[in-house]
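K.L.:
Attaching a predicted model along with its sequence, questions to come.
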Amino acid sequence: YISSQPYPEKAIDLLDLACVEAQLRRPRLKSDVRLMIEDISAVAANLSGIPVSTVQSDERKSLLDLEKTISKQIIGQDEAVVSLSKALRKARLGLSDSTRPLASLLFLGPTGVGKTEMVRVLSSQLFGEASPTASRLIKLDMSEFRERHTVSRLVGSPPGYVGFGQGGELTEKVARNPYSVILVDEMEKAAPEVLNIFLQVMDEGILTDGEGAAVDFRHTIVIFTSNVGAELIKKGTMGFSLPAQAGLPISGQKGDSFNLPATLSLARRAGAKSHGTTEKPRSGATKEGVTFEEMKDKLLAELKNSFRPEFLNRLDSIIVFKKLAMNDVVKIARVYLRKIAKRFAQKGIYLKFETPAVSYLSKEGFSEEYGARFLKRKIEEKVVDTLSSYLLSGRVKEGDKVLIKASKRGLSFDIIKGKRLSLTSAKL
């Protein structure tokens, strides 16, 4: 976790610092101070900014359980989670190119399906919980980088220009926290000069800032998101719905040309049509499977029209997120409601949500156009705001249980006084 020094110098320095820390904590002991592994982990955590629990954890076990951990918080995107986990396991085991970032990924999908939320969960799982002083997630919204001169915001202004010495938004944060997840949101809106910066990061893993210092990106994970082809994913193709339109991993090839299997599929169908023949469906193919292939081919063609080949070729994987179904939204609502129940349980107030109430909140917070983007806001408005007013007025006090039901008029709150429950009994 300490990449600024070579081995074994950094190991010796780590031992020296740990010995000093241990001696300062126990200055009155006449006997020799025994250095424990917890002391070394604490110093390593201070130097790297990564929590002690992450430094001490068994990384192999966390990598094996990555799908299970992410799937608890990201609902309805099982195929996308599996594809992401495979790419990260390969990177963390050292099987990918060591001169490039750990992984360079592109997330595609309509708004409100969990692309940004998956990045947050991934950052927390790999590098520990973010804090105000050492954030593991570096988010850059490309709608702010439409102009060519905004490149200086990423790497810092050169000598003689306004802002020299202040550091770049990207290079300064990575230099302080080498183990980070970089989220580049809505990549299609970036200026070409901004894209060139990321091409260098993805290819060499090193970026020179405005002051001439080289910043190491080899321990970062770079994730781009885009809404390119979102309409194809939402509507499908040929007028059919896509029950399994998700999680498609498309591996980019490292080379000078953009060559993907789906491109060959398009060529085969075009050739068959020109000769007056029709391509026979694969054995076991269903109407939904053919529709999915058509959508996939059109999505790749849309990508080639929106992004340069050198960018697509440097990606380790392209992951497509599906449109959320109503049952997925209900599961997402349950995840939010569990978090709210835990918050109130810490204050001695225990919540229980009946199934009709969960369904009502799910329908209120879901829309075909925006997915589950407004679900959290709707739950806060309908549940948290109401209970907050009850707390202020004294209707709900510590030790009470609140049963949330759904009726034709909306939600109803039944307050049971003085019924203390365990946290487990307050879960959904």
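P.N.:
Arrived safely. The model shown is predicted, which means the values in this text are computed figures rather than measured ones. Residues are numbered from 1 along each chain as shown.
K.L.:
can you give me the helices for the stretch 101-250 of the chain?
P.N.:
With DSSP state H, counting those that start in this stretch applied, the stretch 101-250 of the chain shows helices at 115-127, 151-155, 171-176, 192-204, 230-235, listed in chain order.
K.L.:
Let me know which of those is the nearest to residue 410.
P.N.:
Distance to residue 410, taken as Cβ to Cβ, is lowest for helix 115-127 among the helices of the stretch 101-250 of the chain, at 27.0 Å. Where C-beta positions appear, they are placed from N, C-alpha and C, glycine not excepted.
K.L.:
now for that closest one, which elements pack on it?
P.N.:
Here helix 115-127 touches helix 66-71, helix 78-92, strand 103-108, strand 137-141, strand 181-185, strand 221-226, going by 3 or more Cβ pairs under 8 Å, 6 or more residues apart in numbering; DSSP states H and E.
K.L.:
and that helix, average pLDDT?
P.N.:
Along helix 115-127, the predicted confidence averages to a pLDDT of 81.
K.L.:
picking that back up, closest one to residue 12 among the helices and strands packed on helix 115-127?
P.N.:
For residue 12, the closest of these is helix 78-92, at 25.9 Å, according to Cβ to Cβ.
K.L.:
Which secondary structure elements does the closest one sit against?
P.N.:
With contacts taken as 3+ Cβ pairs under 8 Å, 6+ apart, helix 78-92 sits against helix 59-64, helix 66-71, strand 103-108, helix 115-127, strand 249-250, strand 317-320.
K.L.:
Just the angle for that helix relative to strand 221-226, thanks.
P.N.:
Using axes from the mean of the first three to the mean of the last three Cα atoms, to 10 degrees, the direction of helix 78-92 lies 150 degrees away from that of strand 221-226.
K.L.:
hey, where'd the helices end up in the stretch 251-400 of the chain?
P.N.:
Secondary structure of the stretch 251-400 of the chain (DSSP H, counting those that start in this stretch): helices located at 261-274, 287-306, 309-313, 326-345, 355-365, 375-379, 385-393.
K.L.:
Quick check: which of these is nearest to residue 224?
P.N.:
Taking Cβ to Cβ as the criterion, helix 309-313 is the member of the helices of the stretch 251-400 of the chain that comes nearest to residue 224, at 8.7 Å.
K.L.:
From the contact counts, what lies against the closest one?
P.N.:
helix 192-204.
K.L.:
Return the angle between stretch directions for the helix it packs on and strand 221-226.
P.N.:
Interaxial angle, helix 192-204 versus strand 221-226 (the same axes, to 10 degrees): 140 degrees.
K.L.:
Listing request: residues of the stretch 51-200 of the chain with sub-threshold pLDDT.
P.N.:
51-60, 91-97, 128-135, 159-165 (pLDDT under 70).
K.L.:
sorry, back to before: tell me which of the helices of the stretch 251-400 of the chain sits nearest to residue 32.
P.N.:
Within the helices of the stretch 251-400 of the chain, the stretch nearest residue 32 is helix 326-345; the backing value is 45.1 Å (Cβ to Cβ).
K.L.:
any idea how far the closest one is from the chain center?
P.N.:
Counting by Cα atoms, centre = their mean, to the nearest Å, helix 326-345 is centred 19 Å from the centre of its parent chain.
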